[in-house]
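# Have a look; sequence and predicted model below, questions after that.
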Protein chains: 2
Amino acid sequence: MSFPLKLNTILLVVVVLFSFTNCKKKEVQFQLGIASYSLRKFPVDETISFTKQLGVKNIAFKSFHLKLDAPDSVINQTLQKCKGAGINLYAGGVIYMKTQAEVDQAFEYAKKAGMEMIIGVPNHELLPYVESKVKEYDIKMAIHNHGPGDKLYPSAESAYTLIQEMDPRMGLCIDIGHTKRIHRSPSDDLKEFFDRVFDIHIKDVTSDDADGQNCEIGRGVIDFQTFLSDLIKLEYKGIASLEYEINADNPFPGMAESIGYLNGVLDTLTK
Amino acid sequence: MSFPLKLNTILLVVVVLFSFTNCKKKEVQFQLGIASYSLRKFPVDETISFTKQLGVKNIAFKSFHLKLDAPDSVINQTLQKCKGAGINLYAGGVIYMKTQAEVDQAFEYAKKAGMEMIIGVPNHELLPYVESKVKEYDIKMAIHNHGPGDKLYPSAESAYTLIQEMDPRMGLCIDIGHTKRIHRSPSDDLKEFFDRVFDIHIKDVTSDDADGQNCEIGRGVIDFQTFLSDLIKLEYKGIASLEYEINADNPFPGMAESIGYLNGVLDTLTK
């Protein structure tokens, strides 16, 4: 205990400041959502009502729940159902786009349904065309990574490198399960590509390699304390939508457990 | 920045020690369980399989799942089902005991089913008789509080004062929902009566008064960060069993959300 006075004082100040930093109240600026692929075997009414039951206020529809070629009347009816339940239909996806016609269809669909973004997998050669549509419609394109073995976008990086010089409304939907399956930390994707992270598919996986299977959030290998803490620190303001891929015939308990886990972590991190 | 050297050094040591205390790895020494009242409308097989599906390894059976007068063959068959699923049948309850015959029946039942405790509501005048049975069978009695309006045990305190001088195997199952409903903090019950807390019914409620209704854990007014943190600090080694009272016809999502929330909080507190 014989530090020189100056060193001692500096250490004290550093430690006290560090304590204060850790004590600072953190706020969650993002919201949870549901990627309706999780409920692909259930009709749209049940999909909306279960989302409401979970206390989740955002949904991204997979085409099972709103077909890409749905007539205006069906789109409007579905939108009304969402609004009636207090659910924000913020996106459509994942939508694959292999031709210009499919890009056209996706943007018309998103526009009619009032979606703010398309979660998409456009062929690489279509990206300039997609960018032109993003500008025309002012609807964002969030490219979705699909993990090891995927030929188009095995990683978020593989999408980011192709769109980073494009219109700022060209970005990513980071699927953290697929990110983990290429041995990469979801937090690294988040930090490295943050300027273009428009959406997140949140899920857990059983291992950090190609064999990793989807599982209830909290039971797998993803460190949700770190990932959610990073979302808070970076002041992410988008949506993190649960995509629960297993137990398609009865996804309800697994989805509920996952949402409960996320809320438990968030409430504890921000307390 | 001109503290005298000694004060400065003392402050530094205190702050550093405080930081280390907060950084100390905490361990959860208790386990989660299911109070099968939550699944009262479902047969025992489904009750066991859903408990397993939730990743929960302990169950307390309400009589719906194992009748108090069940023949030995049924008791043994039910025990085998639990063992086959890797589920520990640790208690029976809540069992009401208004006569000596009912006390006798409860202890015989618990003995045959290999239960370590009875979660019970014995009439006050039967407590000395219950104590004699506790000694005879070496099976614990955990008295369950039922909140405002209950004539026998409206609070954990009302039970504690009656049994605190009795055999140390006479104790409490604290129902934290009912505790909250009498404007009392579950942590206060825990700390004040810790030497006799054998079991916990864990749940959330919508308000801290008689009007408080059961709800999914995390959605109500109970502070689970504090309560679970206190369970960890006090090194509680028993079981905290989810008693989910609402949505009896489809309790699965609400139970799963509750278990997910608890695991999310625990994983974050101990990280």
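Right, received. Where do you want to start?
# spatially speaking, which residue is in the middle of chain A?
Of all residues in chain A, the one closest to the mean position by Cα atoms, centre = their mean is residue A:200, 1.3 Å from it.
# what is that one paired to in the beta sheet?
Note on residue A:200: beta-bridge partners residue A:174, residue A:240, judged by DSSP bridges.
# Tell me the spacing between the residue in the stretch 151-271 of chain A that chain B sits nearest to and residue B:171.
Ranked by Cβ to the nearest Cβ, the top residue of the stretch 151-271 of chain A for proximity to chain B is residue A:264, at 2.4 Å. Any C-beta I mention is one placed from the backbone N, CA and C, and that applies to glycine too. Noted for residue A:264: a distance of 28 Å to residue B:171, by Cβ to Cβ, to the nearest Å.
# And for residue A:102?
From residue A:102 over to residue B:171 the distance is 67 Å, taken as Cβ to Cβ.
# returning to what we had before: surely the residue of the stretch 151-271 of chain A closest to chain B touches residue B:261?
Yes: using Cβ atoms under 8 Å, residue A:264 makes contact with residue B:261 at a distance of 4.0 Å.
# shared neighbours of those two, anything?
B:218, B:224 (Cβ atoms under 8 Å, 6 or more residues apart in numbering or on different chains).
# circling back to that earlier point, ok, residue A:102 and residue B:171, which is more surrounded?
Higher neighbour count among residue A:102 and residue B:171: residue B:171, with 26 against 17, using other Cβ atoms under 10 Å in any protein chain shown.
# residues touching the more buried one, list them.
B:140, B:141, B:142, B:143, B:163, B:196, B:197, B:198.
# How about residue A:259, nearest residue that isn't a chain neighbour?
In space, and not counting its chain neighbours, residue A:259 is closest to residue A:54: 5.0 Å by Cβ to Cβ, 6 or more residues apart in numbering or on different chains.
# residues near the one you found, how many?
Neighbour tally, residue A:54, other Cβ under 10 Å: 22.
# Which pLDDT value belongs to it?
Per-residue confidence at residue A:54 stands at 98 (pLDDT).
# tell me the contacts of it?
Contacts for residue A:54 (Cβ under 8 Å, 6+ apart) come out as A:34, A:255, A:256, A:259, B:253, B:257.
# Of these, which is the nearest to residue B:44?
Distance to residue B:44, by Cβ to Cβ, is smallest for residue B:253 among the contacts of residue A:54, at 20.8 Å.
# how far away is the closest residue to residue A:65 other than its chain neighbours from residue A:86?
Of all residues beyond its chain neighbours, the one nearest residue A:65 is residue A:44 (4.4 Å), with distances taken as Cβ to Cβ, 6+ apart. Note on residue A:44: its distance to residue A:86, by Cβ to Cβ, is 16 Å.
# One more: residue A:104?
Counting by Cβ to Cβ, the gap from residue A:104 to residue A:86 is 32 Å.
# more neighbours, those two?
Neighbours per residue (other Cβ under 10 Å) separate residue A:104 from residue A:86, with residue A:104 holding more: 13 against 10.
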